[in-house]
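**Q** Just to be clear, the model below is a prediction. Sequence and coordinates:
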Amino acid sequence: MDTPSFEPPSYSLSHICQNKNVPFVKPIDKMSRYAPAIAQTMNDTLLIVGASGGLGAELLEAALADENVDKIHATSTRPVSSTHERVRWHQLDYREPATVSRLGEALAESAARLDGLIVATGILAAEDLQPEKNIAQLARHAAEESYDINAVGPLLVFQSCAKLLRAAPTPKALFLSAQVGSVEDNQLGGWYSYRMAKAALNMGIKCAAIEAGRWRNPATVVAVHPGTTRTALSRPFIQRRKAPVRSAADSAGRIYTLLAGLTATETGHFFTADGAMLPW
């Protein structure tokens, strides 16, 4: 549950995009996995949901390389044995609503504010199933599970964190979505459950961005398509893919650097990891 997107995520910062048409991405120092610009992303406390997944683990590495991030809260569906003095782990499973409530309570007890939220969770299909190729393969339980995990779960986390985000001077919330969730961009069809769930997530993000725009402090709430990334979840779908596939570290670096450059003027939009805008 800790890995997003149908078009898998990936990582490797030396290949960061330097295209002049991409407004937010900054070049990466070849000697460092994460650019110095990343240190401008957050000021204090960051929550990474799905930090034990393929992309989430690399986003956690990026946050640890950010000297301005004082405290990191990270979630995983299973207990995590590894420790770091700046990281506090929480168990979170969208299938168990009580864990979402406990996360909110734990954050409220230990943090005065939350400067950033990164949600890096998602599933491609229900367990033991594949994304639908046609309407005949659509099953209610698969669609409902995809909706719960890909759309409702992330927004319930935002709900549980909203008070702490509002307390930050410039709060940021970034949700990993997928380009296949774009209604306007859909030219191929198929993948019914996943497409519908990600479209629902995108609508929820848009609503959250509008609501956060009424907060006293300027907030940034966005959706990001990580791009096709090499992870365990994506492996079966990229073996014959001709287009470039990124490593998880590359995608994470781009996403984290993108977050560093975003301001409240970009809130409510859908981006690629390189900063290009996508249609909802």
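**A** In hand now; what should we look at?

**Q** Tell me where the stretch 151-280 of the chain has helices.
**A** 153-166, 192-212, 235-238, 248-261 (DSSP state H, counting those that start in this stretch).

**Q** Lowest mean pLDDT across these, which one is that?
**A** Lowest mean pLDDT within these: helix 235-238, a mean of 58.

**Q** So what's the residue count around residue 279?
**A** 10 (other C-beta atoms under 10 Å). C-beta: built from backbone N, CA, C; applies to glycine.

**Q** swap in residue 226?
**A** For residue 226, the neighbour count with other C-beta under 10 Å is 32.

**Q** Turn the helices of the stretch 151-280 of the chain into CSV, including distance to residue 143 and mean neighbour count.
**A** Output for these, formatted as CSV (distance: least, C-beta to C-beta, whole Å; neighbours: other C-beta atoms under 10 Å):
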stretch, distance to residue 143, mean neighbour count
helix 153-166, 15, 20
helix 192-212, 4, 21
helix 235-238, 19, 13
helix 248-261, 27, 27
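
**Q** Of all these, which one is nearest residue 147?
**A** Checking those against residue 147 by C-beta to C-beta gives helix 192-212 as the closest, at 4.8 Å.

**Q** can you put the helices of the stretch 151-280 of the chain in CSV and add distance to residue 62?
**A** Converted to CSV, these look like this (distance: least, C-beta to C-beta, whole Å):
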stretch, distance to residue 62
helix 153-166, 19
helix 192-212, 21
helix 235-238, 23
helix 248-261, 4
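
**Q** Over to residue 69: give its phi and psi.
**A** phi -90, psi 110 (degrees, to the nearest 10).

**Q** Would you check that it makes contact with residue 63?
**A** Yes. Using C-beta atoms under 8 Å, residue 69 makes contact with residue 63 at a distance of 5.2 Å.
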